[in-house]
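Participant: how does the following fold in three dimensions:
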Amino acid sequence: IMTGIYSFPQQRFYWSSNTKISSIASTMSRDRFLQIKKFLHVVDNSKQPNQNDPNFDRAFKVRPLIETVKNNFRQIPKEEHMSVDEQIIPFKGKSAMKQHMPNKPNRWGYKLFILAGGASGICYDLIFYTGKSSDKEHGFCTDIVLKLSETIPQMKNYKLYFDNYFTTFKLELELYKLGIFSVGTIRMNRLPDVIMKEETVLKREGRGAMDSRIVQVDGAVLCVTRWYDNNIVNCLSTLHGCESTDLVKRWSAS
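Facilitator: Got it, this is the predicted structure:
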């Protein structure tokens with residue numbers, strides 16, 4: 001725990017004369033600590049399933065810790081507005097679970113999918129990503145959000161937000177059936193049957209130009225909005241329409 005607070009690049013530094021941390025160095029010798037660390041296990045390796053086993057889990061050795069943390073997060077009372085997004089735990093060592101995400105501040109590391117409070121930022125649930133799975137019911141992204149939404153009270157008008165990595169018609173419909181309203185930016189290739197104004201038309205109309213369509217599917221009313229800001233923004237929602245509109249001040253180089 002203490003090494004996680006001070007975060008020296010090498011654990012030997014806690015015993016070095018120039019960088020000694022007395023609360024650590026006085027507890028035991030350096031060699032004894034490293035010897036214990038070398039042989040310490042928190043799970044029984046003999047119980048780990050074979051790689052060909054359907055129940056094989058790459059995170060087997062840390063799964064008990066992950067589940068303990070996750071279950072404690074799930075017990076926290078949730079706020080009305082929440083969001084789902086990805087998060088990276090920075091790591092550059094060797095691991096089959098390490099992911100590369102070039103658009104993140106920390107490009108290499110372990111990937112988590114997080115359900116967090118929109119105002120507080122508190123984590124309410126998480127999924128530790130260990131690699132692609134063949135068990136897909138609605139599609140990978142939709143299944144992730146629905147899994148994270150399992151502990152959100154149903155039919156209580158909670159609101160969920162996500163970006164275009166997750167947003168699909170199927171996802172918002174499934175959430176609507178659970179009584180959870182949702183808003184998300186969406187990629188146009190996921191709206192194949194919705195005809196909207198072309199990007200060139202909106203650019204010609206100028207910043208703030210907008211187009212919208214109302215779609216009704218399986219009893220749910222969804223609003224598709226296309227808005228031109230610095231670039232085209234597409235949004236799908238079971239919560240908000242495109243009204244009302246207002247004027248705001250924006251910085252412009254021109």
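Participant: if I look at Cys223, how far off is His240?
Facilitator: Distance of Cys223 to His240, given as C-beta to C-beta, to the nearest Å: 7 Å. The way it works is simple: take the backbone N, C-alpha and C, and place the C-beta from them, glycine included.
Participant: have a look at the two and say which one is more surrounded.
Facilitator: More crowded of Cys223 and His240, by other C-beta atoms under 10 Å: Cys223, with 18 against 12.
Participant: tell me how many other residues crowd the spatially closest residue to the more buried one that is not a sequence neighbour.
Facilitator: Closest residue in space to Cys223, ignoring its immediate chain neighbours: Gly241 at 4.6 Å, by C-beta to C-beta, 6 or more residues apart in numbering. As a burial measure, Gly241 scores 12 neighbours (other C-beta under 10 Å).
Participant: all strands for the stretch 151-254 of the chain, in order.
Facilitator: With strands called from DSSP state E, counting those that start in this stretch, the stretch 151-254 of the chain shows them at 158-162, 180-185, 210-217, 220-228, 232-237.
Participant: just send these back as a markdown table, with distance to Ala116 and mean pLDDT too.
Facilitator: Converted to a markdown table, those look like this (distance: least, C-beta to C-beta, whole Å; pLDDT from 0 to 100):
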| stretch | distance to Ala116 | mean pLDDT |
| --- | --- | --- |
| strand 158-162 | 10 | 96 |
| strand 180-185 | 15 | 95 |
| strand 210-217 | 28 | 88 |
| strand 220-228 | 24 | 91 |
| strand 232-237 | 19 | 92 |
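Participant: which one of the ones you listed lies nearest to Ile195?
Facilitator: Of all the strands of the stretch 151-254 of the chain, it is strand 210-217 that lies closest to Ile195, at 7.6 Å by C-beta to C-beta.
Participant: picking up where we left off before, quick one: the residue nearest to Cys223 from Val183, how far?
Facilitator: Counting by C-beta to C-beta, the separation of Gly241 from Val183 is 11 Å.
Participant: likewise Val248?
Facilitator: In this view, Val248 and Val183 are 19 Å apart by C-beta to C-beta.
Participant: CSV for the strands of the stretch 151-254 of the chain, including distance to Thr68?
Facilitator: Converted to CSV, the strands of the stretch 151-254 of the chain look like this (distance: least, C-beta to C-beta, whole Å):
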stretch, distance to Thr68
strand 158-162, 25
strand 180-185, 27
strand 210-217, 40
strand 220-228, 37
strand 232-237, 36
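Participant: tell me which of these sits nearest to Asp57.
Facilitator: Closest among the strands of the stretch 151-254 of the chain, using C-beta to C-beta: strand 158-162, at 26.1 Å.
Participant: what does the closest one contact?
Facilitator: The contact list for strand 158-162 (C-beta atoms under 8 Å, 6 or more residues apart in numbering) reads 78, 80-85, 118, 145, 149, 152, 175, 179-184, 239.
Participant: kindly recompute the last result at 6 Å.
Facilitator: If you take C-beta atoms under 6 Å, 6 or more residues apart in numbering as the criterion, strand 158-162 is touched by Glu80, His81, Met82, Ser83, Val84, Ile152, Ile180, Phe181, Ser182, Val183, Gly184, Leu239.
Participant: just stretch 187-207 next, same as before
Facilitator: Counting by C-beta under 6 Å, 6+ apart, Asn164, Thr168, Ala209, Asp211, Arg213, Val224, Arg226, Tyr228, Ile232, Asn234 sit against stretch 187-207.
Participant: buried among the contacts of strand 158-162? Need that as a selection in ChimeraX.
Facilitator: Selecting only the buried entries of the contacts of strand 158-162 in ChimeraX, with 16 or more other C-beta atoms under 10 Å as the criterion:
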select :82,83,84,152,180,181,182,183,184,239
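Participant: so which of the contacts of strand 158-162 is the closest to Gly109?
Facilitator: Val84 (18.7 Å).
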